[in-house]
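Visitor: Got a predicted structure plus its sequence, pasted below:
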Amino acid sequence: MSITRRRALVVASSAGIASTFDLIPRPSLAADEIKIASILDESGNLAEWGDPMAKCMTLAVEEINEQGGLGGHQIKYIRYDTQSNDQLYAQYASEAALQDQVSMVLGAITSASREVIRPILDRYKTLYWYSTGYEGGVCDFNTFCSGTTAAMVVRALIDWAVPALGRKVYIIGADYNAPHATAKFIEAYTKQDGGEVIAQVYYPFDVSEFGDAISKIQAAKPDIIYSMLIGAPHLGFYRQWAASGMKGKIPIISHFFGGGNEEVLLTPEEGDGIVSCYGYWEDIDSPENKAFLERFTKRWGSNHPYINAIGMGGYEGTKLWWLGVQKAGTVDRVRVIEALRSGISWTGPSGNIAIDPQTNNVIRDVYIARAKNRRMEIVKRVPGMRPLFTEQYCNLIKHPTTQTQYLP
Amino acid sequence: MDLTLIICLDILNGIAMLAMISVGLAIVFGIMGVINLAHGEFLMLGAFAATVSTNAGVNVWVSMLIVAPLFVGIVGLVVERLLIRLLYGRMTDTLIVTWGLSLFLVGAVTTLFGYTIPGISAPLGSVKLGVYSFSAYRLVFTGLTALTFLVIWSFLKYTRWGIIARGTTQNPEMASALGHAPHRVYAITFFSGSAVTGLAGGLIAPLTGVVPTMGAIFVAKAFIAVIGGGAAIVAGTFAASSFFGAVDTLASFVWTPVIGQAAMLLAAIILLRLLPRGITGRFLERRI
Amino acid sequence: MRDVCNSGTLFVVGVATAIAVLIPQIVNLYLVIVYSNLAIMALFALSLAWVWGYGGILCFGQSAFFGLAAYVYAVSVINIGESTAPFLLAVLVPTVFAAVIGALMFYGRVSDIYFAIITLCVTLILYSLISSTAGPQFHIFAARLNGQNGISGFRPLNLPGRSDDVLGPVESFYVCMTFLIGCYVALKFLLSSRFGRVVVAVRENPVRAELLGYDTRWTRTFVFTIGAAIAGLAGALFAVWGTYVNPSLFDLRMAALVIIWVVVGGLGTLAGPMVGAVALQYLGNVLGKQQLANTGMIYGFLLIVFVMLVPQGVFPTMQRLISRWSLRRSQYEMKLLGDDISKGMQGR
């Protein structure tokens, strides 16, 4: 037994040491390959977002390679799983930039992890694509954000909801940056539409008991509840809301709902009628989306979870970047950035997306949808929404060396 | 008046929630001294068992009260036989094994079921209290928690197995000399603790989001309640849950939920500072 | 002095120095960055190895000092600009914090698992409070705390006094390794001193130590504070390495990870946990690049298998194997000697 253990230890440590020195031969990468990397949480707490994003990105890469790549050069897609651990974001970003020397990194789901790798990729001069919807404000020449910004979806949602549902808005949100920042937009736009925000309460991520929240809402009697709750424990709010018999008494709108497939996790009795707004829903009825869903199902099987806007980000980001590459005719970072900022626009499964050269964010269609029977039915398509908050502060045309995030 | 009643009900609920998720851990830690870092994942398995079986057509009460505890109890038994038994007395090794187990269970459940499974609704409806309406199921939950505690307490105090378990806790060698093999007692203890945890998981399944990673938020709270409670399994967990649950809910109501959490943690620190052996290290001594 | 210069310590210092000197020559820039991170985690593990392995104090909240130091560095360097004072401040604040908490707890005779839970509560309180600082009203002078998003992109270390001379990755690696080796040697010296023996005595049998006249409360507080200072050093180096800080540095995962590292490496040794930290961090890095199966599942499975096969951790097992090997060797030599003697006697 001891001989076996000793041998095992020796073998294991030699292998370990050898691999750290990169003495274990890697399959050599063809010199004419274009390399891109994704740095996403594919396991751990955030896996439900990272995994679909990686799958969509894989599909995008395969489509591009089928169509010939760039002058015969195919894309090699390297996947990193950060295991819901921000340290690994820092590490893999450095690795992708310095070791693999990729042409583009699509990475980060949460804003926290984005802010970890954005400075690193800036430092090591690697193009960074952030595809997840976020609170807005990123103003960085090297970074492109193709997800919806909070101001854009809030504008769309409030403009629809306040005239239709009522004046008094009650905000209940998760206690982190995006909801706090977004609340300012909700307040501003509600006021512009003739309403007012009567209260704001925020709950840490791991609170799963919402008895007091529900009681407070019942006492306040709002016309609309604007929810910015996120994650599995916060799902408890919707469930306990329904269990208290409040379902349907006060409408709930939320541009967070749906990002975690909440409409599937909740039962129809709990979820039906909740209204959300995102840049993409599987239920969008367009030829591009139907074709995409067919290809996705063919590639990954029909037993896949509902593809939401966050997962779709992997596909959108890759395709948009590729448009820049094609226009520039090269993967050289500076030329691709120039090309991307010269008026790129794309019609895909999510409708129209155009890159805004002033902010490196996007002008895109957003869709207001209502939960029904564990799916979403589209209520309204709002085309051409601009990054309203970001463009107030960010001007990369005048100040191209900006590398920051503006916060309200 | 209505508001006071509602606050009281909310506090009771908060206490019940904390108590229910902690008592399984208290059983295992109290009798075996095992720190089970996979406790949150056992809760998750209970919730999944209840959800999956209800979705498959089993009556929701049967799923929550029978299927979930049985399933997690059996998982606990397997874990005990395969892993824990080899590590009696080696607390630090148990820490790693159970941490590894928790990672493994999350990964395994994710691989088998994915990240999103359709949830189940809370049964029963709601009760009206003036301008407020309250979930009837949550009231039942509180009642079931109290019942569970009563059952565990009576079991430990009055039945033969309970006495053997308590004896083995106090002096394993003596109990062994009297003919009660400790490893059998431990196996049954781990089974029971896991089953109770499974029950807790099943009961919270209609109230919160059921995803593979749901266990993480419960582990720390459960540990704090169990250790804060002290040596007595039932009385300690009950006392600690009452205190911490009340502090948390009340502070959340009066100020903000962040203050509620911080207040609960601060209360734990102050409590342990003043009562260095937990609540039942000082009061309610020699209770069960 | 002789206690410190035993073969084990010299071996560890030798290997570490060799790594420190050779690595930047052999590997590429990216791997130097990886190694810096591993060195920082090893330092972090060293702090708990000291507090738990030698002090006998299970601290479930070592991450509190780590994260606090990182935040103090970030906030100070944004306000001050030059990095020397922020770095010193970053080590000082958690040290003072630990001294206060330690004194409060140890003078109240709190111990064992109860103390561990208190430290867990401390790190979770810090997590809760810092997570909720998203709004603009939460700032320390010029530095916005920024809640979950944390603070990123601040300056790394520069040469003391020369604010424009920023350390590159290779120099930072040297700094990390210097601190690592330095702390290891310092702790070894401390252990071989009279105080070190008192520390171990308190761990082994606090009652007897107390009866012999040693103040266990003061000893424990001091041990705890030193451990926090080292953890703080690791935290400050981490902030410099990653140029980010966010509340995840305080969470349960971070607190549990360092405990796992220490146990895997070998509780009761100083070098073992350093190896454990490096190995497990590295494992996490490598697993993140495979797509065979869920990363957590594999990681958890390997941990379980490891404990089953290698009880007591890496270093003690290796020490046992080495001593068994050297015992066998000396037995073999004795046998040869015996054969020679009996041949000699037969020959007569």
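Guide: That came through, no problem. Numbers count the residues shown, from 1 in each chain, chains lettered A, B, ... in the order given.

Visitor: In contact with B:A216, which residues?
Guide: A:45, A:206, B:40, C:252 (C-beta atoms under 8 Å, 6 or more residues apart in numbering or on different chains). In short, each C-beta sits where N, CA and C put it, glycine included.

Visitor: ranges for the strands of the stretch 51-200 of chain B?
Guide: B:126-129, B:132-135 (DSSP state E, counting those that start in this stretch).

Visitor: Low-confidence ranges, the stretch 151-288 of chain B, go.
Guide: Along the stretch 151-288 of chain B, the model assigns pLDDT under 70 to residues B:285-287.

Visitor: which bits of it sit near chain C?
Guide: B:216, B:219-220, B:223-224, B:227-228, B:256, B:258, B:261-262, B:265-266, B:268-269, B:272-274, B:276-278 (C-beta under 8 Å from any C-beta of the partner chain).

Visitor: On the three-state scheme, the most centrally placed residue in chain A is what?
Guide: For chain A, A:T132 is the residue whose C-alpha lies nearest the centre (C-alpha atoms, centre = their mean; 1.7 Å). Here A:T132 is coil, with the state taken from DSSP: H, G, I helix; E, B strand; the rest coil.

Visitor: Number of residues surrounding the residue nearest to it when sequence neighbours are not counted?
Guide: Using C-beta to C-beta, 6 or more residues apart in numbering or on different chains and skipping residues adjacent in sequence, the residue nearest A:T132 is A:G147, 4.8 Å away. Counted with other C-beta atoms under 10 Å in any protein chain shown, residues neighbouring A:G147 total 24.

Visitor: Quick one: residues contacting A:G147.
Guide: A:G147 makes contacts with A:130-134, A:279, A:309-310, A:313, A:362, as judged by C-beta under 8 Å, 6+ apart.

Visitor: Against A:Y134, how distant is it?
Guide: Applying C-beta to C-beta, to the nearest Å, the value for A:G147 to A:Y134 is 6 Å.

Visitor: Return the nearest residue of the stretch 301-408 of chain A with respect to chain C.
Guide: Proximity of the stretch 301-408 of chain A to chain C (C-beta to the nearest C-beta) peaks at A:L407, 6.9 Å away.

Visitor: in terms of contact, does that residue touch A:A181 like I think?
Guide: Yes. Contact criterion C-beta atoms under 8 Å: A:L407 and A:A181 qualify, at 6.1 Å.

Visitor: Can you classify C:L89 as helix, strand or coil?
Guide: helix.

Visitor: Share the number of residues neighbouring the residue of the stretch 301-408 of chain A closest to chain C, please.
Guide: 19.

Visitor: Would you agree it falls within a strand?
Guide: No. With three-state DSSP as the criterion, A:L407 is coil rather than part of a strand.

Visitor: which residues touch it?
Guide: A:135, A:137, A:177, A:181, C:136, C:144, C:146.

Visitor: interface residues of the stretch 51-200 of chain B facing chain A?
Guide: Counting by C-beta under 8 Å from any C-beta, the stretch 51-200 of chain B sits next to chain A at B:106-107, B:110, B:114-122, B:125-126, B:128, B:131-138.

Visitor: And the buried ones among those, selectable in PyMOL?
Guide: The buried residues among those can be selected in PyMOL (16 or more other C-beta atoms under 10 Å in any protein chain shown) with this line:
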select buried, chain B and resi 106+107+110+114+115+116+117+118+119+120+121+122+126+132+133+134+135+136+137+138
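
Visitor: that older thread, how much space between the residue nearest to the centre of chain A and A:E282?
Guide: A:T132 is 17 Å from A:E282, by C-beta to C-beta.

Visitor: Can you tell me the closest non-neighbouring residue to the residue in the stretch 51-200 of chain B positioned nearest to chain A?
Guide: Nearest residue of the stretch 51-200 of chain B to chain A, counting by C-beta to the nearest C-beta: B:S126, 2.9 Å away. Closest residue to B:S126 apart from its sequence neighbours, by C-beta to C-beta, 6+ apart: A:G245 at 2.9 Å.

Visitor: got it, and A:C139?
Guide: Per C-beta to C-beta, 6+ apart, closest to A:C139 is A:C394, 3.5 Å.

Visitor: since we're on that neighbour, how many residues are nearby?
Guide: Neighbours of A:C394 using other C-beta under 10 Å come to 25.

Visitor: got it, and the one 3 residues further on?
Guide: Other residues within reach of A:I397 by the criterion other C-beta under 10 Å amount to 10.

Visitor: Quick one: classify it as helix, strand or coil.
Guide: A:I397 is classified as coil under three-state DSSP.

Visitor: Pull up the gap between the closest residue in space to it that isn't next to it in sequence and chain B, please.
Guide: Ranked by C-beta to C-beta, 6+ apart and with sequence neighbours excluded, the top spatial neighbour of A:I397 is A:Q358, at 5.6 Å. A:Q358 sits 37 Å away from chain B, going by C-beta to the nearest C-beta, to the nearest Å.

Visitor: Could you give the secondary structure assignment for A:Q358?
Guide: Here A:Q358 is coil, with the state taken from three-state DSSP.

Visitor: Can you read off the backbone torsions of it?
Guide: Per-residue torsions, A:Q358: phi -70, psi -30 (degrees, to the nearest 10).

Visitor: That one contacts A:L396, correct?
Guide: Yes. Between A:Q358 and A:L396 a contact is recorded at 6.2 Å, counting by C-beta under 8 Å.

Visitor: more neighbours, these two?
Guide: Between A:Q358 and A:L396, counted using other C-beta under 10 Å, the more crowded position is A:L396 (19 against 16).

Visitor: so what's the nearest residue to C:V275 once chain neighbours are set aside scoring on pLDDT?
Guide: Among residues not flanking C:V275 along the chain, C:G265 sits closest, at 5.1 Å (C-beta to C-beta, 6+ apart). C:G265 carries a pLDDT value of 89.

Visitor: check contacts around C:G265.
Guide: Neighbouring residues of C:G265 by C-beta under 8 Å, 6+ apart: C:45, C:49, C:271-277, C:279, C:313-315.

Visitor: before we move on, what about A:D51?
Guide: Counting by C-beta under 8 Å, 6+ apart, A:D51 has contacts A:42, B:115.

Visitor: SS state for it?
Guide: A:D51 ends up helix, using three-state DSSP.

Visitor: what about dumping the CA coordinates of stretch A:365-376 to CSV?
Guide: Output of stretch A:365-376 as CSV, limited to C-alpha atoms (Å, rounded to 0.1, in the frame of the first residue of the first chain):
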residue,chain,number,x,y,z
ASP,A,365,-34.5,46.6,-30.0
VAL,A,366,-35.9,45.6,-26.7
TYR,A,367,-39.0,43.5,-26.1
ILE,A,368,-41.6,43.8,-23.4
ALA,A,369,-42.9,40.3,-22.5
ARG,A,370,-45.4,38.8,-20.1
ALA,A,371,-44.9,35.4,-18.4
LYS,A,372,-47.5,32.8,-19.4
ASN,A,373,-47.4,29.1,-18.8
ARG,A,374,-43.7,28.9,-18.2
ARG,A,375,-43.0,30.9,-21.4
MET,A,376,-43.0,34.5,-22.3
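
Visitor: Great, nothing more from me.
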